[in-house]
Every structure is written in C-alpha cells, then in structure tokens.
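below are the sequence and a predicted model; questions follow.
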Amino acid sequence: MHDAVIDYERQMGMENFHPSLVRGPAGADAEPGRERRPPGPEPKLTARGVNFYYGSKQALRGISIGFSRRRVTAIIGPSGCGKSTFIRLLNRMQELVPGTRMEGEILLDGMDIMSPACDPPELRKRVGMVFQKPNPFPKTIYENIAYGLEVNGARDRNLIEEKVVDSLKKAALWGEVKDRLKDSALGLSGGQQQRLCIARCLAVEPEVILFDEPCASLDPISTGKVEELILELKKDYTIVIVTHNMQQAARVSDRTAFFLMGELVEEGDTERIFKAPRDRRTEDYITGRFG
Amino acid sequence: MTAAGAAGAVLPVRALGRPKRRSLAQKLGFAVLGACMAANILFLGAILFFIASRGLGAISWAFLTQVPRDSMTAGGVAPAIAGTLYLTLGAVLFALPLGVACAVYLTEYSPKGWSSALLRVGVNNLAGVPSVVFGLFGLTVFVKYFGFGVSIVSGSLTLGILALPVIISASQEALTAVPQSVREASLALGATQWGTIRRVVLPAALPGILTGVILSVGRVAGETAPILFTAAAFYVRGFPHSPMSEVMALPYHIYALMTEGTHPEMQTRIAYGCSLLLLALVLSVSLIAILIRQRQRKVYHA
C-alpha cells in the first residue's frame, strides 16, 4: 500500500510542480487549477533517503519521513544527532553553509525542492521557519512584519497594515504591542520577540512552519505561550518542531521522530512512542538513560 | 562548607588576607593608566590651544567670505574653503559607493579562500601607501592619461582612492558585525540574498559605515600631498566655476603661505587662521556624522 503511493508520486514527479515554485517556461505549462492527488492521506512534505555531509563527515544517514497536513511532528534526540541539520534542509537553509552536500529527495506536494526548477526564495515563502534564538530585525515591530510582505511584492499600504495586525493577533501578541508598533522590536522581551518572529513568519502565509527549538532560550511562561500558539496553528498548517525537551514533544506533537547519530531510529504517534517505544535506543533516551 | 573547603584548597587563604597590598597595586595601575590618558588630553589640548590662540585673531567674517587680496597678505580665504569642500565632497561621492560595494562583495559574496584573503591584504596595504605616492598616481592617471588636467575632478578622484581603504575596512567590520541570524531571518521569509543585503544588512551596518566615512573625511580634508599635483593652486582668481578648474584648498594654502610669497609675517597669521578653520571644518563634519549615527542607533537599539 505504502509502496504504491510512493510509486504513484514518482510517476507524477515533474508534472506536479506547484506553479509558484517553477521559474521560466515550465511555469506556464503547469495547471494551477488541476491539482492531482494520489489516493489516501499523502504527506505534505516528504523526505526520502536523505544523506547530508559536512565536508567528508556524514551528518544524516538515509532519513525517510513524511509530515502530514494539520499535524505537529516533533523531532527529538540528543545534541548533535542531526535534528537541526535535517529541519534546515526542509527549507534549503542548510545549503547556505559552505562545504556541505545533500543526497536524496525532499518533496513538497510531490515536487522535488532540490530540483533546479525550484527557486529557494519561493520555497521559503511556502515553508516558513522560526529559529532557536529570537532573531527580530533591528527595525520597529511594525516593520518586522511588513518586511516579509514587502519582499514578496506587497505594495498596498492598507493591505499591509491589515496583514500586520492580523498576524500579530494570530501570534497572540497584539494585545501586548498594539500601542507600540513604532517601537524597536529589540525592546521586547525574549518571549515576545519569539512570538513576533512567529507573527512575521505567519504574515507571509506559509503552508509549512518549521520550528527549530523555538523555546530553547525562553522562560517557562513564554514557553507555555509559544506551545499554546503551536497547538492553535496546527489547525491550518503543517508543523515540524525540533526540540530537545521531551515533555514539550509530548505536549504539542501528534507524531514524534527520534533521531540518533544522524539516523532516524523510530517514528510514530507521539503517545505510542512515549508509551511503547519499539526500539531499545528510543526507550533508553525517553527514560533518560542517556542524552 | 565543602565548597569553602574546596576553594581554600585551590586559592591560598593569604591571597584574601592581604587587602592592603592588593589595593595598592590596583591604585598604582589606575594611576599609570590615568596619567597616560591625561598625557593624551594634554597633547590634544595643547594643539587646540596653540592653533586657536594664533589663529583666532585672523578669523573674521571677511576672512571667511572674501577672496585674498594684496598678494595673500589681506582679504579672506573663501575660495580655499570652497575648494576643500568641493574636493572632500567629490572624494566621498566617489569612494563611498565604491568602497561599500567592495566591502559588500568581500563579506557577503566572495568565496572565503585565498583570493579574498589576498584582496583583503591588498586593501590593508593600500591604507599604508604614503599619500604623496597617491599624488603621483593621480598626476599620471587622472591628470595626464585621462586628460582631466589639474582640476577638482582629478583631485577628488585621487583623494577618493586615498579614502577607499578606510571606508572599505570600516564597512567590512560593520557588515561582519551584523549577526548571521538576522540574515537567516530575512532569507527564511523568501527574500533574495540581494534583497537581504539591501534591506536588512546594509541598514543595520549603516552606523558603522558612517564611522568609516567620518574617519575618511577627516583624512581627506586635511591631506596636502595628493592634491599637490592634481588639483591645488596657490592662487586662483575668484571661486572655482567648474569641476574641471584648478582650486585653492585649505591644507595646500597653509603649505604655500608658509613656503612661498614675499610677506612671511603677514602670511603666517593667515596660515594659522586657515589651520583653525580646517580643524573646525573636520570637527563639524565629524559632529554631523556622529549625530546621524546617534539617530540611527536610537531607531535600532531601543
């Protein structure tokens, strides 16, 4: 059954490009109105046999995993297991690191994001990212959110303002900042800055949101707010979250993937992973025997 | 208890038991540092006092606004002020875009390797070239080869090349200081690399780049050797009327007043007046740039 789906996708491969991801004449051929989908629940984002190298050192070994729509998938594992490297491949941020190389396929709606027809900026609009440390621009709160809209071609001031307000509300930050939109974003607290970064990401209307240890530098109260937000966002987005906090994975995720030394050891429903891990190494990690 | 015991084992107790000796060493250290700083201030103060006391007498409204009369012994130095302003402005207009573009290429685009390292070394060496050599270069290339003649254009370009290394290295530093995480934030929103540089990296680096401009303006406005063969004249009737005309300039004017002419005593007075003026000019340009920088800082760092 599963193999059948994969074969089907492989057949579809090139024809199924999302029009916004395709540059040049191929874009004209694509039919945006007719999205053919394989039967059954096809993952929004799929990795197949992904290897990744820093120079000659292999950091990821044959990772294959799918991320479903309106689900939160948590990637857990000890430091250095490759979980951050992996999530940064999903929006092609990792290729900015010099001297690196990737093998395998990553498919977004069935289209290979590594193909030459895929334009990284277009991909990153569709696959947004929130980073480990809050990284607002040294600009005002308003400008921080308007920026993403402007680089993506928005010019209408009223429309931009509407989106800024809307994004801040979705990120549960509006009440705290509505009177200080013209103040520097760097004056906000760490937790507020991280929610601003989430708002900034939402404004671009991505389909997938990648969270790379979003609470690593936040206090418990701010962490709680961000987690609530992730659960709320799940209704509309495909979410992948890297965390080294197992309680966090248990609280926010539907599915959990355990990485160890560049390998995907086990993946499944979060409840099952935590209650009945199938692999000994998963069990050891979850019960705190190492990591 | 155990912690105190452990600390006692590593640090001998007597280290804490001799407060007097330690505070004496500390006081001595501060005194030496303070004396060095006082010496610096003293030198600076002496220069300012010396120039001001001799030059202040020459300064008047007429001195600032009139052309020289009676073979440089009376009248004002307005053409020299104008010439220095033109030359400095021209040099900055030429060197700023070129220098910033070069710094952007070196920090954001060029592959990190031996070639960019070589470029960096080249830029740093350019800063060490004696200014009179720049003057000769300007004479050969701009005055003769391009045929700009002895003119504001030739002088500005020569001064611009002199200012380049200062602007490049200050800009590089400012760009490197912009955290990588901010670049990533922009790229992750779908911005292109160029868009990221233009809209996020450059604005964040602007205060640092302005520092480079301040430094280079100070150097350019006061340089004599580079304009010696490329732009400056001892006496030009009236104000410069085109970018292709020879000009009088304050630093060269000082030099000429002290070495040429027939009335040394009266010329010396004017030379000190010019020196004071040049100092004031450089300081006020710096002040303007510092004010711009402060305003930027307020926006960026709440």
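In hand now; what should we look at? Numbering: from 1, shown residues only, chains lettered A, B, ... in the order given.

what sits against the residue lying closest to A:E95 once chain neighbours are set aside?
Counting by Cβ to Cβ, 6 or more residues apart in numbering or on different chains, A:E95 lies nearest to A:M102, which is 7.2 Å off, once chain neighbours are set aside. All C-beta spots, glycine's among them, are computed from the backbone N, C-alpha and C. Neighbouring residues of A:M102 by Cβ atoms under 8 Å, 6 or more residues apart in numbering or on different chains: A:50-53, A:89, A:94-95, A:114.

go again using 7 Å as the cut-off
Applying Cβ atoms under 7 Å, 6 or more residues apart in numbering or on different chains to A:M102 gives the contacts A:50, A:52, A:89, A:114.

out of those, which is nearest to chain B?
A:L89 (13.1 Å; Cβ to the nearest Cβ).

now the contacts of A:M102 as CSV including distance to B:L215, neighbour count and pLDDT?
Putting the contacts of A:M102 into CSV (distance: Cβ to Cβ, whole Å; neighbours: other Cβ atoms under 10 Å in any protein chain shown; pLDDT from 0 to 100) gives the following:
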residue, distance to B:L215, neighbour count, pLDDT
A:V50, 49, 23, 95
A:F52, 44, 23, 96
A:L89, 43, 24, 95
A:M114, 46, 17, 92
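
restricted to strands, list these.
If you go by DSSP state E, the contacts of A:M102 have A:50, A:52 in strands.

check the contacts of A:M102 and tell me the two furthest apart.
A:F52 and A:M114 (11.6 Å; Cβ to Cβ).

lowest-confidence helix or strand of chain B?
Sorting the helices and strands of chain B by mean pLDDT, DSSP states H and E puts helix B:2-10 at the bottom, at a mean of 50.

over to chain A?
Bottom-ranked secondary element of chain A by mean pLDDT, DSSP H and E: helix A:25-29, a mean of 40.

hmm, back to that, can you confirm the residue nearest to A:E95 is in a strand?
Yes: A:M102: assigned to a strand according to DSSP: H, G, I helix; E, B strand; the rest coil.

that one and chain B: what is the separation?
17 Å (Cβ to the nearest Cβ, to the nearest Å).

skip the chain neighbours and tell me the closest residue to residue 120.
Picking chain A for this. Per Cβ to Cβ, 6+ apart, closest to A:P120 is A:R92, 4.8 Å.

my bad, the chain I had in mind was chain B
Closest residue to B:R120 apart from its sequence neighbours, by Cβ to Cβ, 6+ apart: B:L106 at 6.8 Å.

tell me who's in contact with that neighbour.
Per Cβ under 7 Å, 6+ apart, neighbours of B:L106: B:116, B:119-120, B:172.

if I've got this straight, the residue nearest to A:P120 is in a helix?
No: counting by three-state DSSP, one finds A:R92 to be coil, located in no helix.

what about it, neighbour count?
Using other Cβ atoms under 10 Å in any protein chain shown, A:R92 has 21 neighbouring residues.

as CSV, the contacts of B:L106 with neighbour count and secondary structure would be great.
Conversion of the contacts of B:L106 to CSV gives the following (neighbours: other Cβ atoms under 10 Å in any protein chain shown; DSSP: H, G, I helix; E, B strand; the rest coil):
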residue, neighbour count, secondary structure
B:S116, 15, helix
B:L119, 15, helix
B:R120, 15, helix
B:Q172, 23, helix
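
so the residue nearest to B:R120 versus B:Q172, what's the distance?
As judged by Cβ to Cβ, to the nearest Å, B:L106 and B:Q172 stand 6 Å apart.

residue numbers of the stretch 51-200 of chain B in contact with chain A?
Listed as neighbours of chain A in the stretch 51-200 of chain B under the rule Cβ under 7 Å from any Cβ of the partner chain: B:112, B:181-182, B:184-185, B:187-192, B:195, B:200.

looking at these, which are in helices?
Members of these lying in helices (criterion: DSSP state H): B:181-182, B:184-185, B:187-188, B:195.

out of the contacts of B:L106, who's nearest A:D179?
Distances from A:D179 to the contacts of B:L106, taken by Cβ to Cβ, are shortest for B:Q172, at 39.4 Å.

for the spatially closest residue to that closest one that is not a sequence neighbour, grab the count of nearby residues.
Take B:Q172 and drop its neighbours on the chain: the residue closest to it by Cβ to Cβ, 6+ apart is B:A103, 4.5 Å away. By the measure other Cβ under 10 Å, the count of residues near B:A103 is 24.

correct me if wrong: B:A103 contacts B:A177.
No: if you go by Cβ atoms under 7 Å, B:A103 and B:A177 don't touch, sitting 12.0 Å apart.

can you tell me what sits against stretch B:258-266?
Against stretch B:258-266 from outside (Cβ under 7 Å, 6+ apart): B:71-73, B:234, B:267-268, B:271.

which helix or strand contains the spatially most central residue of chain B?
Against the mean C-alpha coordinate of chain B, by Cα atoms, centre = their mean, the closest residue is B:L215 at 2.1 Å. For B:L215, the element it lies in under DSSP states H and E is helix B:202-222.

list the buried residues of stretch A:240-259.
Neighbour counts using 16 or more other Cβ atoms under 10 Å in any protein chain shown place A:240-244, A:246, A:248-253, A:255-259 of stretch A:240-259 among the buried residues.

same question for stretch A:136-154.
Buried, per 16+ other Cβ under 10 Å, within stretch A:136-154: A:136-152.

from these, list the ones also adjacent to chain B.
Restricting the buried residues of stretch A:136-154 to those near chain B - Cβ under 7 Å from any Cβ - leaves A:137-138, A:147-148, A:151-152.

of all pairs in those, which one is the farthest apart?
So, those by Cβ to Cβ: farthest apart are A:P138 and A:N152, at 20.6 Å.

tell me the contacts of B:L210?
Applying Cβ under 7 Å, 6+ apart, the residues near B:L210 are B:289, B:292-293.

ignore what I typed, I meant B:R237.
Per Cβ under 7 Å, 6+ apart, neighbours of B:R237: none.

repeat the analysis, applying 10 Å as the threshold.
By Cβ atoms under 10 Å, 6 or more residues apart in numbering or on different chains, the contact list for B:R237 reads B:67-68, B:79.

out of the residues you listed, which comes closest to chain A?
Out of these, the member with the shortest distance to chain A (by Cβ to the nearest Cβ) is B:P79, at 43.9 Å.

tell me which element that closest one falls in.
Per DSSP H and E: helix B:78-104 holds B:P79.

helices or strands next to that helix in the packing?
Packing partners of helix B:78-104 (3 or more Cβ pairs under 10 Å, 6 or more residues apart in numbering or on different chains; DSSP states H and E): helix B:61-65, strand B:68-69, helix B:114-128, helix B:152-177, helix B:202-222, helix B:225-228, helix B:250-259, helix B:264-300.

of those, which stretch is the most buried?
helix B:225-228 (a mean of 26; mean count of other Cβ atoms under 10 Å in any protein chain shown).

pull the residues that contact that helix.
Counting by Cβ under 10 Å, 6+ apart, B:83-84, B:87, B:91, B:130-139, B:150, B:152, B:154-163, B:220, B:232-233, B:247, B:249, B:251-252, B:255 sit against helix B:225-228.
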